[in-house]
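Undergrad: The following comprises the amino acid sequence and a computationally predicted model.
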Amino acid sequence: MNDTLVIIPTYNEKENVEAIIEAVFALKKEFDVLIVDDNSPDGTSEIVKKLIKKYPNRLFLEIRKEKAGLGTAYIHGFKWAIEKKYDYIIEMDADFSHNPKDLPRLYESCTKEGADVAVGSRYMNHEINVVNWDMKRILLSYLASKYVRVITGIPVYDTTAGFVCYKREVLEKIDYDKIQFVGYAFQIEMKYKSWKHGFKINEVSIVFTDRVRGASKMNGSIIKEAIFGVLKMRLKGLPKIDK
């Protein structure tokens, strides 16, 4: 067992899952991988099962009964990782929008630069590092992150980022029964709660590339949850808690 687990949620990712797993295992720094699959009808889990034979004790698979939201998939993975005593836990998409070569940089932000949470940031220092998105989607995402920053006060440029490394103690501190959101607002809530608990958040500049293969999971309800959910979260608030 390595000290770091990469959690990759999947739903109908047969075009990407083998390639993303191989890319992670090709890195010089060794990471373990947990695939949390929401019972994909396209056979994603069968591909992973075959790869487990090639990478025993490094590749793991958890299959849930149905598609139940990105947030609950990550929570499932977090609880699994905590039980297995991984020191660092990383969220990453299956579709190569997050470059596996950036994994060591997130890891080193926590191990060498003192971060409790390291965020792979598309918008660090007001720069926009996104490839293959049209201008409307870029502006929507950028302004959403800026909106969250203003409403909550959280000192993070890319508040909606889904490429994040957590120290285990951060994930142990959060009460998952009180998590409000299951879509992309889950990413905002996790950063907000980490910050409110007094943990240090660093941003690591990355280039985000839109998926080439497979279907996007983005939809209007996800955006609505992010916009209106943030107001609800801010109004409800959380006490500032030191570690």
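TA: Right, received. Where do you want to start?

Undergrad: Who are the contact partners of Val119?
TA: With contacts defined as CB atoms under 8 Å, 6 or more residues apart in numbering, the neighbours of Val119 are Val156, Asp158, Ala161, Phe163, Val164, Lys191, Ile201, Asn202, Glu203, Val204. Bear in mind the C-beta positions are built from the backbone N, C-alpha and C, glycine included.

Undergrad: after the strand or helix carrying it, next one along is what?
TA: Under the criterion of DSSP states H and E, Val119 resides in strand 117-121. Sequence-wise, the next helix or strand downstream of strand 117-121 (DSSP H and E) is strand 130-131.

Undergrad: same for that following strand, what does it pack against?
TA: strand 208-209 (3 or more CB pairs under 8 Å, 6 or more residues apart in numbering; DSSP states H and E).

Undergrad: Which strands border the strand it packs on, and is each parallel or antiparallel?
TA: Counting by DSSP bridges, the strands paired with strand 208-209 are strand 130-131 (parallel).

Undergrad: which residues in this structure form strands?
TA: Secondary structure of the chain (DSSP state E): strands at 4-10, 32-37, 59-63, 88-91, 117-121, 130-131, 164-167, 201-205, 208-209.

Undergrad: TSV please, covering those strands and showing distance to Gly43 and mean pLDDT.
TA: Formatted as TSV, the strands of the chain follow (distance: least, CB to CB, whole Å; pLDDT from 0 to 100):
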stretch	distance to Gly43	mean pLDDT
strand 4-10	11	98
strand 32-37	10	98
strand 59-63	12	98
strand 88-91	24	98
strand 117-121	29	97
strand 130-131	29	81
strand 164-167	28	98
strand 201-205	34	97
strand 208-209	25	90
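
Undergrad: nearest to Arg105, of the ones you listed?
TA: Distance to Arg105, taken as CB to CB, is lowest for strand 201-205 among the strands of the chain, at 5.2 Å.

Undergrad: and the closest one with strand 117-121, angle?
TA: On the basis of axes from the mean of the first three to the mean of the last three CA atoms, to 10 degrees, strand 201-205 is oriented at 30 degrees to strand 117-121.

Undergrad: what bits of the chain have low per-residue confidence?
TA: For the chain, applying pLDDT under 70 flags the ranges 211-227, 234, 236-243.

Undergrad: quick one, helices of it?
TA: 17-25, 44-54, 70-84, 103-111, 135-152, 168-173, 185-196, 220-236 (DSSP state H).

Undergrad: packing partners for the third one?
TA: So that's helix 70-84. For helix 70-84, the packing partners by 3+ CB pairs under 8 Å, 6+ apart are strand 4-10, strand 32-37, strand 59-63, strand 88-91, helix 168-173, helix 185-196.

Undergrad: mind putting those in CSV, mean neighbour count and distance to Lys53 included?
TA: Putting the helices and strands packed on helix 70-84 into CSV (neighbours: other CB atoms under 10 Å; distance: least, CB to CB, whole Å) gives the following:
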stretch, mean neighbour count, distance to Lys53
strand 4-10, 25, 18
strand 32-37, 24, 14
strand 59-63, 18, 9
strand 88-91, 24, 24
helix 168-173, 17, 28
helix 185-196, 23, 32
